[in-house]
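# no sequence for this one, just the structure:
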C-alpha cells in the first residue's frame, strides 16, 4: 500500500456458508443440529461418567475426559453460529470473526498436541504396565494437560495476530461457514507469502511434530504388542489403540490438507466439506468410538442408571 493513499477498509465479513437456497439450508440446519446435539450429549456423558465413577479415576480416563471437553469446546465455537446463519438472512460477522478464529484455533491446536499425550499414555500402559501409575502420576498428568492448553492458546494467538493485521480492503465475503484462517487470509489485499510461511511453521509444530511423535509411539507399541504371547492379550491391546488411531486419522488428515498448503491451492467448496471432518465429525466420532469399544465406559453408564450387574 502507498502511504497516505485513500483506502476503504473492510469493517465486516460475510460468511457465505454452504448454500443460498432456503430449502437446502433448512435441511442442513436439521442435519447439523442433530450432529451438534449428539456431539455435545455424547461428550458430556463421557465427562459426567468419568467425574462421577471412581473406577474411572485413572490417567487414561482423565485424558479421555479432557479430550471430550476440547471437542465440546471447539464444536460449540463454530456450529451454533452456523446454525443461525443457515436460517437467517443476516450472515455478517466482524469482531466475532477474530474471536472465533482465535478460540477455534486454540482448541484445535490443543487437541492436536493432546493426541500426543494420549499416545504416550498408551505407550506407557502397554510397554511399562507395571510402572504405569508411577510414571503417569497425577502431578505429571496435570502438567501434561496444562502444557497442551498453554501451547494451543499461544500458537493460535500468533496465527490470529498475523492474520488480523493483514489489510482487508474488499471483497469481504468469506466463502466458508466459519472464520477459518486460510479462507479469511485469502481476502487480504497484499501479498501473503510471508504470513503463509509463518502459518506453515506454526502448522509444522502443531501438526507434523505431533504426528511424528504419535507414529514413533505406536511403532514401540506395536513391537511390545507382538511380544505378548496371549492372543487375547494382543487383541485387547490392539483394540485399545485402534480407538485412538481412528480418531487421530480423522483429525490430522483433513487438518494437514487445510493448513499446510499455500493460498494459491485454495478450493473453497472442497475446503468447507473437508473442514467438517476435523471440526464437526471428529467431535461426534470421539464419544462413539471410545464408548462403544470400551467396556469400562459402558459399565459406568449402566451403574449410573441403576444396573449394578451387567453381563458381557
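Right, received. Where do you want to start? Bear in mind that the values here come from a model prediction, so they are computed numbers and not experimental data. Numbering: from 1, shown residues only.
# Grab the nearest non-local neighbour of the residue most central in space within the chain.
For the chain, residue 108 is the residue whose C-alpha lies nearest the centre (C-alpha atoms, centre = their mean; 4.2 Å). Leaving aside its sequence neighbours, residue 108 sits nearest to residue 74 (C-beta to C-beta, 6 or more residues apart in numbering; 5.8 Å). No exception for glycine: its C-beta is placed from N, CA and C like everyone else's.
# Now whichever helix or strand residue 73 is part of: buried residues?
Element membership for residue 73, per DSSP states H and E: helix 59-87. Of the residues in helix 59-87, 59-79, 81-83, 85-86 count as buried by neighbour count, 16 or more other C-beta atoms under 10 Å.
# what helices or strands is it leaning on?
The contact analysis (3 or more C-beta pairs under 8 Å, 6 or more residues apart in numbering; DSSP states H and E) places helix 59-87 against helix 22-52, helix 95-127, helix 138-164, helix 282-292.
# what about the following helix or strand past the third one, distance to the chain center?
To tie it back to what came earlier, the one meant is helix 138-164. On the C-terminal side of helix 138-164, the closest following helix or strand by DSSP H and E is strand 173-174. Offset of strand 173-174 from its chain centre (C-alpha atoms, centre = their mean, to the nearest Å): 23 Å.
# Quick check, pLDDT for the residue nearest to residue 108.
pLDDT recorded at residue 74 is 86.
# How about residue 294?
Per the predicted model, pLDDT is 73 at residue 294.
# could you point out where the stretch 1-150 of the chain is predicted with low confidence?
Scanning the stretch 1-150 of the chain for pLDDT under 70 picks out the ranges 1-11, 89-95.
# hmm, try it at 90
Applying pLDDT under 90 to the stretch 1-150 of the chain flags the ranges 1-26, 28, 49, 52-58, 60, 74, 78, 81-101, 122-123, 125-133.
# which residues are contacting stretch 277-289?
Stretch 277-289 is contacted from outside by 32, 35-36, 38-39, 42-43, 45-46, 67-68, 71-72, 74-75, 78-79, 104, 108, 178, 243, 246-247, 250-255, 258, using C-beta atoms under 8 Å, 6 or more residues apart in numbering.
# change it to 7 Å
Applying C-beta atoms under 7 Å, 6 or more residues apart in numbering, the contact partners of stretch 277-289 are 35, 38-39, 42-43, 45-46, 67-68, 71, 75, 78-79, 243, 246-247, 250-251, 254-255.
# Equivalent analysis for stretch 16-32, please.
Taking C-beta under 7 Å, 6+ apart as the rule, stretch 16-32 contacts 79, 82-83, 85-87, 91, 173-175, 177, 272.
# rerun that using 6 Å as the cut-off
If you take C-beta atoms under 6 Å, 6 or more residues apart in numbering as the criterion, stretch 16-32 is touched by 83, 85-87, 173, 175, 177.
# could you pull out the helices for the stretch 201-312 of the chain?
Secondary structure of the stretch 201-312 of the chain (DSSP state H, counting those that start in this stretch): helices at 209-226, 231-259, 268-276, 282-292, 295-304.
# export those to JSON lines and tack on mean neighbour count and distance to residue 192?
Output for the helices of the stretch 201-312 of the chain, formatted as JSON lines (neighbours: other C-beta atoms under 10 Å; distance: least, C-beta to C-beta, whole Å):
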{"stretch": "helix 209-226", "mean neighbour count": "16", "distance to residue 192": "24"}
{"stretch": "helix 231-259", "mean neighbour count": "17", "distance to residue 192": "14"}
{"stretch": "helix 268-276", "mean neighbour count": "16", "distance to residue 192": "16"}
{"stretch": "helix 282-292", "mean neighbour count": "21", "distance to residue 192": "28"}
{"stretch": "helix 295-304", "mean neighbour count": "16", "distance to residue 192": "45"}
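# and the gap between the closest residue to residue 82 other than its chain neighbours and residue 271?
Spatial nearest neighbour of residue 82, excluding adjacent residues (C-beta to C-beta, 6+ apart): residue 177 at 4.7 Å. Distance, residue 177 to residue 271, using C-beta to C-beta, to the nearest Å: 10 Å.
# What of residue 227?
Counting by C-beta to C-beta, the gap from residue 227 to residue 271 is 44 Å.
# Residue 62 too?
From residue 62 to residue 271 the distance is 35 Å (C-beta to C-beta).
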